[in-house]
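here are the coordinates; sequence isn't available:
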């Protein structure tokens, strides 16, 4: 992705998530080694973490993203 595309994605993500999670999701989008299933699962758990105010939660398998 170009810097412009990344910026656009980050803008949309920060409308829903805190900056930590928005950046983590944007980096996961660019990670070619991550499966769609792992991405989807991680996004669901990030959403749950945001709901309980766990602001720096990192899903299992996303530690190196």
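Cool, got the structure. In this text the structure is predicted, and so the values were computed from the model without any measurement. Numbering: from 1, shown residues only.

number of nearby residues for residue 43?
Other residues near residue 43 come to 18 when the count uses other CB atoms under 10 Å. Using the backbone N, CA and C atoms, a C-beta is placed for each residue, glycine as well.

can you tell me how far residue 57 sits from residue 3?
27 Å (CB to CB, to the nearest Å).

With neighbour numbers in mind, choose between those two.
Neighbour count, other CB under 10 Å: between residue 57 and residue 3, residue 57 has more, with 17 against 7.

Excluding residues flanking it in the chain, which one is nearest the more buried one?
residue 49 (3.5 Å; CB to CB, 6 or more residues apart in numbering).

hang on, isn't the one you found packed against residue 43?
No: Residue 49 is beyond contact range of residue 43, at 10.6 Å (criterion: CB atoms under 8 Å).

And residue 34, how far from residue 53?
On the measure of CB to CB, residue 34 and residue 53 end up 26 Å apart.

Actually, residue 47.
Residue 47 sits 13 Å away from residue 53, going by CB to CB.

And these two? Which one has more around it.
residue 47 (12 against 8).

Read off the pLDDT value for the more buried one.
Looking at residue 47, its pLDDT stands at 96.

Just the element for it, please.
Using DSSP states H and E, residue 47 sits within helix 36-51.

other SSEs contacting that helix?
Using 3 or more CB pairs under 8 Å, 6 or more residues apart in numbering; DSSP states H and E, the elements in contact with helix 36-51 are helix 19-30.

Now do the helix it packs on: which elements does it pack against?
Using 3+ CB pairs under 8 Å, 6+ apart: helix 19-30 touches helix 3-13, helix 36-51.

tell me the average confidence for the first one?
Right, the one you point to is helix 3-13. Helix 3-13 comes out at a mean pLDDT of 93.

excluding its backbone neighbours, what's nearest the residue minimising distance to the centre of the chain?
Geometric centre of the chain, nearest residue: residue 25, 1.6 Å, by CA atoms, centre = their mean. Using CB to CB, 6+ apart and skipping residues adjacent in sequence, the residue nearest residue 25 is residue 13, 5.5 Å away.

Just give the number of residues close to residue 26.
21.

ok, it touching residue 5?
No: between residue 26 and residue 5 there is no contact under CB under 8 Å: 9.8 Å.
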